[in-house]
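K.L.:
The amino acid sequence is not available; the structure is as follows:
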């Protein structure tokens with residue numbers, strides 16, 4: 001009678017979520033350190049999917065085509081990552097081998113690692129390009145780097161972090177041993193840390209640009225590629241034009257550009273918060289308390305990236321940074337005013353002022 005009761009109890013325990021391993025008395029999972037909450041994953045997938053669909057329409061309307069391979073692609077990757085987690089939660093099942101454990105599909109685990117580790121890199125790339133466009137319009141003389149150099153350097157840095165993170169994610173998810181998974185995790189950490197370094201440099205230049213623009217304090221530019229033929233021609237053109245002059249903008253256009261700066265700043269901060277969390281999480285190991293806490297993952301990975309993407313829906317270039325027709329090169333410093341205030345245009349005149357000193 002006693003043996004029958006014990007067997008019945010074990011059978012009940014092994015048919016519900018949270019059943020323990022019969023040898024260790026602890027809940028054992030094959031890949032994840034928890035049973036993925038399918039509803040939460042589906043909600044995140046819905047938010048990312050809807051935001052991405054809106055970004056797709058906004059990109060077509062705005063004609064800022066680079067947003068297709070940054071925001072739209074990044075949002076799609078995040079959506080696939082959360083759908084992979086939903087898949088893992090839906091089909092998790094009890095396996096009787098080795099005393100029993102909760103098994104999830106290997107492919108679902110692999111996909112969610114790769115997609116969710118690389119997705120934010122595409123959002124960061126959009127911010128780098130958008131700031132370059134804003135620098136071009138608001139006045140390149142307020143930034144230490146030309147907008148093309150600026151964009152190229154940061155996109156290059158972001159691409160390196162993307163490749164390293166993807167490589168580490170693939171290694172970790174496909175590893176058959178703990179040592180292999182740890183090696184992949186270390187490579188992912190290197191990629192995430194490099195991404196943070198790039199973002200810190202970006203943030204420094206962003207803050208300096210905003211400060212110098214608001215205070216109207218130009219800075220002499222650095223030309224890291226001055227040895228190339230194209231760069232020398234560009235520098236000669238800039239010097240002939242009396243420095244970097246902002247494009248002609250109305251008061252309303254400048255106001256919208258400032259909102260775009262706020263959007264980029266907020267999005268970057270949210271991505272950086274997520275990067276800090278993922279770095280600490282991965283350094284803590286595959287069985288550490290951080291990676292085993294599903295709630296922390298949802299709040300410190302899912303929420304910041306979702307907010308970042310949605311923020312760029314609300315404060316989108318389609319509203320704040322319309323595509324401008326191509327203009328002829330400035331042939332003289334008298335074509336545009338060199339003082340920031342001179343780019344306010346009235347129907348009767350354009351105010352021109354003398355160039356200011358660099359600070």
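P.N.:
Received the coordinates, thanks. Bear in mind that the values here come from a model prediction, so they are computed numbers and not experimental data.

K.L.:
hmm, which helix or strand of the chain has the shakiest average pLDDT?
P.N.:
Lowest by mean pLDDT, DSSP states H and E among the helices and strands of the chain is helix 2-13, with a mean of 41.

K.L.:
Can you name every helix or strand that whichever helix or strand comes after that one contacts?
P.N.:
The helix or strand immediately downstream of helix 2-13 is helix 38-62, counting by DSSP states H and E. If contacts are counted by 3 or more Cβ pairs under 8 Å, 6 or more residues apart in numbering; DSSP states H and E, helix 38-62 sits against helix 73-91, helix 303-314, helix 317-320. (C-beta placed from N, C-alpha, C; glycine too.)

K.L.:
pLDDT of helix 38-62, averaged?
P.N.:
Mean per-residue pLDDT for helix 38-62: 97.

K.L.:
Any buried residues in that helix, and which?
P.N.:
38, 40-45, 47-49, 51-52, 54-56, 58-59, 62 (16 or more other Cβ atoms under 10 Å).

K.L.:
Repeat that for stretch 175-193.
P.N.:
Counting neighbours by 16+ other Cβ under 10 Å, the buried set in stretch 175-193 is 175, 181, 182, 184, 185, 187, 188, 189, 190, 191, 192, 193.

K.L.:
Tell me which helix or strand the fifth one sits in.
P.N.:
Here residue 185 sits within helix 178-215, counting by DSSP H and E.

K.L.:
Nearest spatial neighbour of residue 173, chain-adjacent residues omitted?
P.N.:
residue 110 (3.8 Å; Cβ to Cβ, 6 or more residues apart in numbering).

K.L.:
Just the pLDDT at that neighbour, thanks.
P.N.:
So, for residue 110, pLDDT stands at 88.

K.L.:
Now do the contacts for it.
P.N.:
Going by Cβ atoms under 8 Å, 6 or more residues apart in numbering, residue 110 touches 170, 173, 174.

K.L.:
Ranking by neighbours, what's the top pick from those?
P.N.:
residue 173 (19 neighbours; other Cβ atoms under 10 Å).

K.L.:
I figured that residue hits residue 184, correct?
P.N.:
Yes: with contacts counted by Cβ atoms under 8 Å, residue 173 reaches residue 184, the gap being 7.2 Å.

K.L.:
before we move on, the earlier item: and the angle from the strand or helix carrying the residue nearest to residue 173 to helix 73-91?
P.N.:
In this structure, residue 110 is located in helix 106-138 according to DSSP H and E. Calculated by axes from the mean of the first three to the mean of the last three Cα atoms, to 10 degrees, helix 106-138 forms an angle of 160 degrees with helix 73-91.

K.L.:
Now helix 106-138: buried residues?
P.N.:
Buried, per 16+ other Cβ under 10 Å, within helix 106-138: 108-138.

K.L.:
and the helix or strand that that helix is followed by, which residues are buried?
P.N.:
Going down the chain from helix 106-138, the next helix or strand is helix 147-174, by DSSP H and E. For helix 147-174, a neighbour-count test (16+ other Cβ under 10 Å) marks 147-155, 157-158, 161-162, 164-173 as buried.

K.L.:
How about stretch 201-209?
P.N.:
202, 205, 206, 209.

K.L.:
For residue 303, state which of those is nearest.
P.N.:
residue 202 (21.9 Å; Cβ to Cβ).

K.L.:
With adjacent residues omitted, what lies nearest to the closest one?
P.N.:
According to Cβ to Cβ, 6+ apart, the nearest residue to residue 202 is residue 154 (5.6 Å).

K.L.:
For the one you found, give me its contacts.
P.N.:
125, 128, 198, 201, 202.

K.L.:
isn't the second one right up against residue 158?
P.N.:
Yes: using Cβ under 8 Å, residue 128 and residue 158 qualify as a contacting pair, with a distance of 6.5 Å.

K.L.:
one step back: dump the buried residues of stretch 201-209 into CSV; add pLDDT as well.
P.N.:
Shown next, in CSV, are the buried residues of stretch 201-209 (pLDDT from 0 to 100):
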residue, pLDDT
202, 94
205, 91
206, 93
209, 92
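
K.L.:
Give me the three-state assignment for residue 323.
P.N.:
Following DSSP: H, G, I helix; E, B strand; the rest coil, residue 323 is assigned to coil.

K.L.:
For the residue nearest to residue 202, give me the pLDDT.
P.N.:
94.

K.L.:
I'd like to know how far it sits from residue 116.
P.N.:
Going from residue 154 to residue 116 by Cβ to Cβ, to the nearest Å gives 22 Å.

K.L.:
and what of residue 286?
P.N.:
In terms of Cβ to Cβ, residue 286 sits 15 Å off from residue 116.

K.L.:
Phi, psi for the residue nearest to residue 30 when sequence neighbours are not counted please.
P.N.:
The spatial neighbour of residue 30 that comes closest, neighbours along the chain excluded (Cβ to Cβ, 6+ apart), is residue 103 at 4.5 Å. Main-chain torsions, residue 103, degrees, to the nearest 10: phi -100, psi 140.

K.L.:
What is the burial count for the nearest residue to residue 61 once chain neighbours are set aside?
P.N.:
When the adjacent residues along the chain are set aside, residue 61 lies closest to residue 318, with 5.2 Å between them (Cβ to Cβ, 6+ apart). The number of residues packed near residue 318 is 18, by other Cβ under 10 Å.
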